[in-house]
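Enquirer: heads up, no residue letters with this:
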């Protein structure tokens, strides 16, 4: 009993540490990749190749002044960034990063938990993630922030449906809601992206929209809303929002990897279980790169286009995908 | 194992609070939330009894209640928005006339 | 058979949070706070579902109530800007005392019934059987025994969807706005 | 393959439903395609049934469609009988029906009730198929009545035309009423059959009569005579033939389909179906044979004197039906069925060609503004160059009808004559010889009036502007004509004397159905008579053609008053008019004016009932109502009003929370009550 608790605690701490580090270096990576694509150098002064830049940024943000707007709702203004962060970290709990390994004489599952309702858990947490943004927008007592918050929440609610429908394909193929189960099911067939190309596409697009990232970064459209829901935020609270967004990027990439790209599976994983973590990291990293690439490539959509796309294109497509998958499963087996 | 009656007691309290919300508050939205609270306390009873009798039917019922609640909220909030547009108020005491 | 101490402590703490959140919903003057208190309450109830061996229902509770319904509430409140209601004159004088008397009566009757029922846990047997409350068990029951109610529910949802769209439809909105410039 | 048989009925039903519901939106082309396609599909299924029967060694097969009536021991299913006889009829009805449907698409072009026409036509096909597919007398009767109603609907299709704008409607009514007389006989026969056998299933009934032949001879005679009444109504025999000529008021495809090829054959079919009953009633067989032969001759003489192109054909039809009835009476069922089939071919062909002629002349009438009667042969003449195809097929039909070797009519008519000869000379029955002589005379007359018709219509010079401007019709009309013409030429092939194909085919239905050997004497005699008759016809009409449309018939000088007698149809209509119709009209008038109006309405109703009601209601409304009841209810209303104002209105505050409080109060009260109990 105690052993399990300690193990869970250690794993949680590790995951939190990995995620925070990933956040820091994801920002760095994004700036470097952007520079690369725009033929310039990017951060290169702090440390070798600018590797310490994230640390410098962090220190700077900590020492910035925390501004509290005049008409703001103080409690919620304070609570909102935290509410944004928590779901982003918590959602990772059910993702398996590798197969079971033997360590110190006990079998350890690489992943905090393996719920039999794992995917439902992910959907549930994803649906709660709206609160931080909505409340941030509202509590700032700022019209830009409020509009940004409302836009963000409408966008997230709308795309959540397509997101939920797109993961039904892997669920039906694997016959389980457990992520570990889905990964193992992909061992016997192949990666589900082969069977579910449309589902994977929809998941990726809806995922981007859930993240409020380009080309769906409407809530923070600078030209119209300055910085959207975090217009009034500064210092550490601002960086929490930032952190939330990048951790969510990692989370979405990890989920996509698990559902459609075989998770930690790869050659020799059954012999060397630790390799699984490497494979998982590589696949997730590829997704993160893809997201950055998309951001640097595609222009932002107009808001009405975005909503119309979500409801009129993505949702019907996702429904179609579900129906086709069901029909194929019933008739082909 | 927590006895079923503890859950029942808790849901009775929650239900009573919901009733109080309906009877005492005048904000239509809060009134609505109080109704949701009552539904939730009923759900809790269903699930508790579902465990006691080892039958899943209670959970199924909760599932249906949730669906109904979702439908109810969609229509109810649409009504509130419509009322607000014509009255500029969501005080239920202001909506005492049949004439819009 | 009484529950063991850690379980009881967890239950009591959660129950206190639930009741406190419900009271907070009832008492707060700001509708946003009410909604947030209610979200907390729903979260706690979801935890109770987990404790009661209903993980599927728990997740559905979070997704539907916390994730969809309450967000909708928040959304409407913010959209209308109706978080703080102006108090207008109050002419229902006997409403409040009578309500309180009735609520106390309801509570006492219910407690009399509930506590008079005695302490029972129910059969561990079924609950400990693997698959109790799992999605597949629920799904099997839902699509076999309760297929007709399930389909009826889908029609209900469709009706609600159409209703909501019609009630707040664009055409109506424009005309209303033209008619009253109060918005 | 037998399970396909319900589709024979289903296709036309679907077709008619489609046209009924969507007809007015579809446009002529689609309505025509749907209606014709439905019948064509039925035709294909019917042909499949032929092969099914062959595969089944010709054994009869019944297909249960639905249970219908079950009362006590009586069990009448909706069941389709597939045997050689019924399949023959199915193929005939759907085959000829298809061609006529296609023809009708062209003929009815531009009619304002186009879709309705095809609904009726499909309904007719359905009903006829029910009739021939029936496995019991009651189902047969359903089809029997069904074709009757379709006939009524279709004869009166142009109900707003004819004399006084009512003529066509009257013709429809006449057909309906006359048929009803026949149905009356059929119904009573059916009741008697049920009384004797306890079932209406063909198998049971026929088995009963075959095995109780001696004991029930008297009963069989009565039943068969009653059945004859029914057949006479449907198949237009003496004395009930008067409706058929009037039925020419309907559109020509109707005349072809109903009054030549199918419906009128229902009577023949029914008698052939009931053959085992007739077999044990020789006296009624004799009656049937003489009646048929008499009809054949009488109708032939009338046809001789008519001017209306379709009317000639109508009487010719009656005459040919007389041949068939006579054949049935002689026990020559195969010959009857054979003639039925070939007659369906060439009479449909003749009617449709006549329709083509009428259509062509109408066309000419529109063009030349000459609005003479387009059906009157006196207004025609010289059409053979203007309508070449029509002329060709018309001649084929006429030769086939006249019975010239080797066309189909020759083989079938000769078989009947040979049968009559056989009964008369070989078996030595006096009625056989009588029938032979009557039928031979009728055949001679047939050849003569067909010659007369062809010459009047196609030869000589045009006697009106309309005929002068007549033109050939579109392919939808001419192609079915050519098809029917081919069938009329080769149709005799189904039962050549030395192969007896049809005979051996039908033998599987009743063992005593069999053909008769070829009789060279009879064949030569009749052919010689027919050729001579045609020759005489040429002499009379071709050498001295009519000069104008008002000139008298050249025959007038020869036959004189008897031709007038023929022209007026032996004054049969007048006879019926003075005897039956006037009597009924007098009775109806008496009932309507004396009994109904004077007694029931004026006296009983107005004097007794109305007056007493007035008195009673006067007292009720005055003192009782106004002073007693009204006061009471006024008071009641006021008290209700007061209660509402003082008690109920304050409760209706309009505040939701108040109402919720009320609900809560109720909940607590119910809970409390439950707790106390």
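Expert: That came through, no problem. In this text, all values refer to a predicted model and were calculated from it rather than measured experimentally.

Enquirer: Flag every residue of chain C that's near chain D.
Expert: Residues of chain C lying near chain D by C-beta under 8 Å from any C-beta of the partner chain: C:92, C:95, C:98-99, C:102-103, C:105-106, C:109-110, C:112-113. (Each C-beta comes from the backbone N, C-alpha and C, glycine too.)

Enquirer: For those, give me JSON lines that also has pLDDT, neighbour count and secondary structure.
Expert: JSON lines is the format used below for the residues of chain C next to chain D (pLDDT from 0 to 100; neighbours: other C-beta atoms under 10 Å in any protein chain shown; DSSP: H, G, I helix; E, B strand; the rest coil):
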{"residue": "C:92", "pLDDT": "68", "neighbour count": "15", "secondary structure": "coil"}
{"residue": "C:95", "pLDDT": "79", "neighbour count": "20", "secondary structure": "helix"}
{"residue": "C:98", "pLDDT": "86", "neighbour count": "16", "secondary structure": "helix"}
{"residue": "C:99", "pLDDT": "86", "neighbour count": "21", "secondary structure": "helix"}
{"residue": "C:102", "pLDDT": "89", "neighbour count": "20", "secondary structure": "helix"}
{"residue": "C:103", "pLDDT": "89", "neighbour count": "19", "secondary structure": "helix"}
{"residue": "C:105", "pLDDT": "89", "neighbour count": "17", "secondary structure": "helix"}
{"residue": "C:106", "pLDDT": "88", "neighbour count": "20", "secondary structure": "helix"}
{"residue": "C:109", "pLDDT": "87", "neighbour count": "17", "secondary structure": "helix"}
{"residue": "C:110", "pLDDT": "86", "neighbour count": "19", "secondary structure": "helix"}
{"residue": "C:112", "pLDDT": "85", "neighbour count": "12", "secondary structure": "helix"}
{"residue": "C:113", "pLDDT": "83", "neighbour count": "15", "secondary structure": "helix"}
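
Enquirer: So which of those reach chain B?
Expert: Restricting those to those near chain B by C-beta under 8 Å from any C-beta leaves C:92, C:95, C:99, C:102-103, C:106, C:110.

Enquirer: what about the chain, any weak spots by pLDDT?
Expert: No chain specified, so I'll use chain A. Low-confidence segments of chain A, defined by pLDDT under 70, span residues A:1, A:105, A:218-225, A:227, A:333.

Enquirer: nope, chain B please
Expert: Counting by pLDDT under 70, the low-confidence segments of chain B come to B:99-100.

Enquirer: Would you list the phi and psi of residue A:52?
Expert: Per-residue torsions, residue A:52: phi -90, psi 0 (degrees, to the nearest 10).

Enquirer: show me what contacts the nearest residue to it once chain neighbours are set aside?
Expert: Spatial nearest neighbour of residue A:52, chain neighbours left out: residue A:46 (4.4 Å); criterion: C-beta to C-beta, 6 or more residues apart in numbering or on different chains. Contacts for residue A:46 (C-beta atoms under 8 Å, 6 or more residues apart in numbering or on different chains) come out as A:52-53, A:55-56.

Enquirer: In helices, which of the residues you listed fall?
Expert: Among those, the members found in helices (DSSP state H) are A:53, A:55-56.

Enquirer: Am I right that residue A:272 sits in a strand?
Expert: No. Read with DSSP: H, G, I helix; E, B strand; the rest coil, residue A:272 is coil and lies in no strand.

Enquirer: burial measure for it, as a count.
Expert: Counted with other C-beta atoms under 10 Å in any protein chain shown, residues neighbouring residue A:272 total 12.

Enquirer: circling back to that earlier point, I'd like the ones next to chain B among the residues of chain C next to chain D as a markdown table, with distance to residue A:210 appended.
Expert: Listed next are these as a markdown table, based on distance: C-beta to C-beta, whole Å:
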| residue | distance to residue A:210 |
| --- | --- |
| C:92 | 46 |
| C:95 | 45 |
| C:99 | 43 |
| C:102 | 46 |
| C:103 | 42 |
| C:106 | 43 |
| C:110 | 43 |
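
Enquirer: Which pair of these spans the longest distance?
Expert: Across these, no pair lies farther apart than C:92 and C:110, at 25.5 Å, counting by C-beta to C-beta.

Enquirer: quick check: longest helix of chain D.
Expert: The helix spanning the most residues in chain D, taking DSSP H as the definition, is helix D:333-368.

Enquirer: So which bits of that one are buried?
Expert: Neighbour-count burial for helix D:333-368, counted by 16 or more other C-beta atoms under 10 Å in any protein chain shown, picks out D:333-361, D:363-365, D:368.

Enquirer: Let me know the pLDDT of residue D:464.
Expert: The score at residue D:464 is 82. That number is its pLDDT.

Enquirer: and stretch A:236-252, does that touch chain C?
Expert: No. Using C-beta under 8 Å from any C-beta, we find that stretch A:236-252 stays clear of chain C, coming within 15.4 Å at best.

Enquirer: How far off centre is that stretch?
Expert: A distance of 9 Å separates the centroid of the chain from that of stretch A:236-252, by C-alpha atoms, centre = their mean, to the nearest Å.

Enquirer: before we move on, what about stretch A:178-190?
Expert: Using C-alpha atoms, centre = their mean, the offset of stretch A:178-190 from its chain centre is 21 Å.

Enquirer: Could you confirm residue D:428 falls within a strand?
Expert: No. Counting by three-state DSSP, residue D:428 is located in no strand; its state is coil.

Enquirer: so after the longest helix of chain D, what's the next helix or strand?
Expert: Next helix or strand after helix D:333-368 toward the C-terminus (DSSP states H and E): helix D:388-402.

Enquirer: Would you mind pulling up the elements that that following helix packs against?
Expert: helix D:333-368, helix D:408-421, helix D:430-458, helix D:475-490, helix D:520-537 (3 or more C-beta pairs under 8 Å, 6 or more residues apart in numbering or on different chains; DSSP states H and E).

Enquirer: Tell me which of those approaches chain C most closely.
Expert: Chain C lies closest to helix D:475-490 among the helices and strands packed on helix D:388-402, at 50.1 Å (C-beta to the nearest C-beta).

Enquirer: what comes up buried for the first helix or strand past the closest one going along the chain?
Expert: Next along the chain after helix D:475-490, taking DSSP H and E as the criterion, comes helix D:501-506. Residues D:502-506 are the ones in helix D:501-506 that count as buried (16+ other C-beta under 10 Å).

Enquirer: Also near chain C: which of these, exactly?
Expert: Counting by C-beta under 8 Å from any C-beta, no member of the buried residues of helix D:501-506 reaches chain C.

Enquirer: Go through the residues you listed and name the one nearest chain C.
Expert: The closest of the buried residues of helix D:501-506, once distances to chain C are taken by C-beta to the nearest C-beta, is residue D:505, at 56.2 Å.

Enquirer: any low-confidence regions in chain C?
Expert: For chain C, the stretches flagged by pLDDT under 70 are C:1-3, C:82-92, C:117-131, C:170-183.

Enquirer: Sketch out the strands for the chain, chain order is fine.
Expert: In the absence of a named chain, chain A is used. Under the criterion DSSP state E, strands of chain A are mapped to A:101-103, A:106-108.

Enquirer: my question was about chain D
Expert: Counting by DSSP E, chain D has strands at residues D:61-71, D:74-82.

Enquirer: Could you point out which of the ones you listed sits nearest chain C?
Expert: Among these, strand D:61-71 comes nearest to chain C, with 30.5 Å by C-beta to the nearest C-beta.

Enquirer: between the helices and strands packed on helix D:388-402, which gets nearest to residue D:87?
Expert: Of these, the one closest to residue D:87 (C-beta to C-beta) turns out to be helix D:333-368, at 11.9 Å.

Enquirer: average model confidence for the longest helix of chain D?
Expert: 88.
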